[in-house]
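**Student:** Just a sequence and a predicted model for now, questions to come.
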Amino acid sequence: MTYTIINHGNWVPYTRDAVLSPEGFPLVPAGTMFCKRESDGVDWYDFSRAEGSFAEGSVLVACLNTNLGYITQAVYANPQTMFPQNCMLIEVQGWEGEKPHNEFGMKVFDPEAGTFSDIPVPVQPVVTYKKDIWLRATDEEAETIEQVLSQQTTRKQRIFNEAQYLDHADPLFAELMAGFVTAFGEQRAGQLLAGS
């Protein structure tokens with residue numbers, strides 16, 4: 001499906017002074033939250049209600065900047081229901097479908113490429129608790145493990161002794177695995193150092 005993406009900039013919150021009626025009643029109380037475009041200060045309500053701001057049939061998507069990139073939040077076809085506070089607002093023109101939130105909601109948006117992708121699922125770390133190594137080892141294997149560890153530098157021995165678990169992503173784990181493979185063979189080393 002082909003569509004065009006228009007970036008309407010980043011929108012930030014701000015407040016205004018109270019707006020009073022001619023009789024002195026507050027129409028808009030002080031401290032009311034408004035939203036404006038960061039680049040030029042255009043008020044969201046003014047922009048969203050102005051004729052020609054958005055193409056007919058467009059889908060509006062608010063994108064929150066996170067450590068994973070821009071994550072799509074609110075997805076609306078009606079600008080009157082959108083409030084893009086603290087988000088980048090994009091307009092998707094020419095999309096044809098019935099449920100835009102299914103297509104664009106909770107996705108990673110790449111503003112450079114103009115693409116949407118699924119949010120990556122974080123990889124679960126694999127760890128081995130040191131207690132499990134000793135429980136898996138026979139008495140003879142435990143003696144061999146002590147010998148392998150005693151041949152390491154003082155720093156590496158201290159790291160091993162102070163840690164409660166071994167993170168398989170740590171470069172030192174690869175060194176430890178290599179030492180275990182030399183001492184016990186690949187299969188048994190894998191069993192001793194398997195994730196807990």
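**Tutor:** Right, received. Where do you want to start? Numbers count the residues shown, from 1 in each chain.
**Student:** ok, residue 76 touching residue 54?
**Tutor:** No - using Cβ atoms under 8 Å, residue 76 makes no contact with residue 54, being 10.5 Å away. Heads up, the C-betas are built off the backbone N, CA and C, glycines and all.
**Student:** Compare those two and say which is more crowded by neighbours.
**Tutor:** Neighbour totals were compared for residue 76 and residue 54, and residue 54 leads with 21 against 17 (other Cβ atoms under 10 Å).
**Student:** And the longest helix anywhere in the chain, how far out from the chain middle?
**Tutor:** Taking DSSP state H as the criterion, the chain has its longest helix at helix 171-184. For helix 171-184, the separation from the chain centroid amounts to 33 Å (computed by Cα atoms, centre = their mean, to the nearest Å).
**Student:** Spit out the residues that contact residue 76 and residue 54 alike.
**Tutor:** By the contact definition Cβ atoms under 8 Å, 6 or more residues apart in numbering, residue 76 and residue 54 are jointly contacted by residue 60.
**Student:** Kindly provide the distance from the residue most central in space within the chain to residue 110.
**Tutor:** By Cα atoms, centre = their mean, the chain has its centre lying nearest to residue 68, at 3.6 Å. To residue 110, residue 68 is 11 Å away according to Cβ to Cβ, to the nearest Å.
**Student:** What of residue 131?
**Tutor:** From residue 131 to residue 110 the distance is 44 Å (Cβ to Cβ).
**Student:** go on, residue 103?
**Tutor:** Distance from residue 103 to residue 110, by Cβ to Cβ: 15 Å.
**Student:** Check residue 161 too.
**Tutor:** Distance check for residue 161 against residue 110: by Cβ to Cβ, it reads 45 Å.
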